[in-house]
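Q: 3D, please:
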Amino acid sequence: MAERLTRQGHQVVIIDRELPSLGSTVASTAMLLWEIDRPLFELAQLYGFEKAVRCYRASHHAAQGLLSLVAHHGIACQMRSRLSLYLAVDDSPKLVQDEYALRDRTDLPSRYLDHASLLKRFRIARAGALLSRDAADADPVLLTHGLLDISVQRGARVLKANAVAFDSAAQSVTVGLESGLSIESRHVVLATGYVVPDIVKLTARPASSWAIATRRQPGNLWPEQALIWEASRNYHYARTTADGRIILGGEDDHALIEPEARNDATPAKVAALKDYLKALWPQASDRVDFTWSGAFDTTHDGLPLIGAVPGCKNIFAAFGYGGNGITFSFLAAELLAALLAGGSSPLLDDLAIDRDIAG
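A: Purely as a prediction, here's the structure:
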């Protein structure tokens, strides 16, 4: 948001109660997919084909835009263009075939691989998969600091503070800080992740997720190092790193939210992830150098929450919940920058905070 708004000529103050990148950013596995947690065929069932395709195309455009932005500025964040593999989870390829049937009616860059083709090209034994272009991976901390540095060079100011109150009754918005000071601004954008101010009423669902990173094994990775995820609501996902590690995540749990309970569950979750890695890619070493977990929120339809905060004049939100947070954050920046410039988009209705969320 800061990069986009400073590029547009706005004076920007960034308020962060943490040091930048030390919130959920540092726990991100940074699989930059344009494919949304809810498959296209499910979104079409919920909202109709036109809206579902519009959301998917917007996400695809955002993934491409983020790659271009990083390349344009030469941000050193290990950003790599990747293929993505959307794997069938059982003996039947029906779900990925249903998904491909709908994507085939659009210009989305996906194609279907049957069992034999998948095994031959990627040496992964599943009933089938969708192979898609235009995904990416990156180091999320380096990406964050790269974008922040650009914003600061353009005049943005970073303030370590905790925003605790918002008053939008006047022409400008007053943001009250925990210190007792306040900031007055023409517009406020809430890009606060999972810490949501009281003025925003959401129905997101919290969950915990776990991840592991193996030792470096650059000679022992699957072909083309595609991003891997599954045709399942609670899917596992995997990617490689620039230094040859395998990052594997998943084992999501909606019951274990509190940090102590999440930490107590970590040994069993890590063991399950190691077992899954052996099943997915038997050649891999399962020696794990790093393990971590974190809480995150999802929406029922898998789409982000972007746009005006209801009942709060000149306050906007950029909440990229779910598995596409970084991609959705780029989309939010584009949509809100256009909105502040007097533009509009049907996506602002599709992704509105107070929309009727199906699911």
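
Q: can I get stretch 274-285 as CSV, trimmed to CA atoms?
A: The C-alpha coordinates for stretch 274-285 follow below in CSV (Å, rounded to 0.1, in the frame of the first residue of the first chain):
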residue,chain,number,x,y,z
LYS,A,274,7.6,-35.1,7.7
ASP,A,275,5.4,-38.2,6.9
TYR,A,276,3.6,-36.2,4.3
LEU,A,277,6.9,-35.1,2.7
LYS,A,278,8.1,-38.7,2.5
ALA,A,279,4.8,-39.7,0.7
LEU,A,280,4.9,-36.7,-1.7
TRP,A,281,8.6,-36.9,-2.5
PRO,A,282,10.3,-40.1,-1.2
GLN,A,283,13.7,-39.0,-2.4
ALA,A,284,13.8,-36.0,0.1
SER,A,285,15.8,-35.9,3.2
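
Q: buried sites along the one helix or strand G176 maps to?
A: Assigned by DSSP states H and E, G176 falls within strand 173-177. Buried residues in strand 173-177, defined by neighbour count with 16 or more other C-beta atoms under 10 Å: 173, 175, 177. The way it works is simple: take the backbone N, C-alpha and C, and place the C-beta from them, glycine included.

Q: packing partners for the next helix or strand after it?
A: Next helix or strand after strand 173-177 toward the C-terminus (DSSP H and E): strand 182-185. Here strand 182-185 touches strand 13-16, strand 173-177, going by 3 or more C-beta pairs under 8 Å, 6 or more residues apart in numbering; DSSP states H and E.

Q: burial measure for the residue lying closest to D243 once chain neighbours are set aside, as a count.
A: Spatial nearest neighbour of D243, excluding adjacent residues (C-beta to C-beta, 6 or more residues apart in numbering): R216 at 5.6 Å. R216 is flanked by 15 other residues according to other C-beta atoms under 10 Å.

Q: use 56 as the first number for this chain going forward.
A: All set: I'll call the first residue 56, so the last point we hit is now R271.

Q: which residues of the stretch 56-205 of the chain fall in helices?
A: Assigned by DSSP state H, counting those that start in this stretch, the stretch 56-205 of the chain shows helices spanning 57-62, 95-102, 104-128, 149-158, 170-177, 195-208.

Q: meant to ask about the stretch 256-405 of the chain, not that
A: Secondary structure of the stretch 256-405 of the chain (DSSP H, counting those that start in this stretch): helices at 314-335, 380-395, 402-405.

Q: A281: which of those is closest?
A: Ranking those by their distance to A281 (criterion: C-beta to C-beta) puts helix 314-335 first, at 12.2 Å.

Q: was I right to think V243 contacts D222?
A: No: the pair V243 / D222 is not scored as a contact, 10.3 Å apart, by C-beta atoms under 8 Å.

Q: the more surrounded of these two?
A: Neighbours per residue (other C-beta under 10 Å) separate V243 from D222, with V243 holding more: 22 against 15.

Q: about what we covered before: quick one: the helices and strands packed on strand 237-240 as JSON lines, columns for distance to T84 and mean pLDDT too.
A: Below are these laid out as JSON lines (distance: least, C-beta to C-beta, whole Å; pLDDT from 0 to 100):
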{"stretch": "strand 68-71", "distance to T84": "22", "mean pLDDT": "96"}
{"stretch": "strand 228-232", "distance to T84": "32", "mean pLDDT": "97"}
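
Q: quick one, which of these is nearest to Y249?
A: Closest approach to Y249 among these (C-beta to C-beta): strand 68-71, 14.2 Å.
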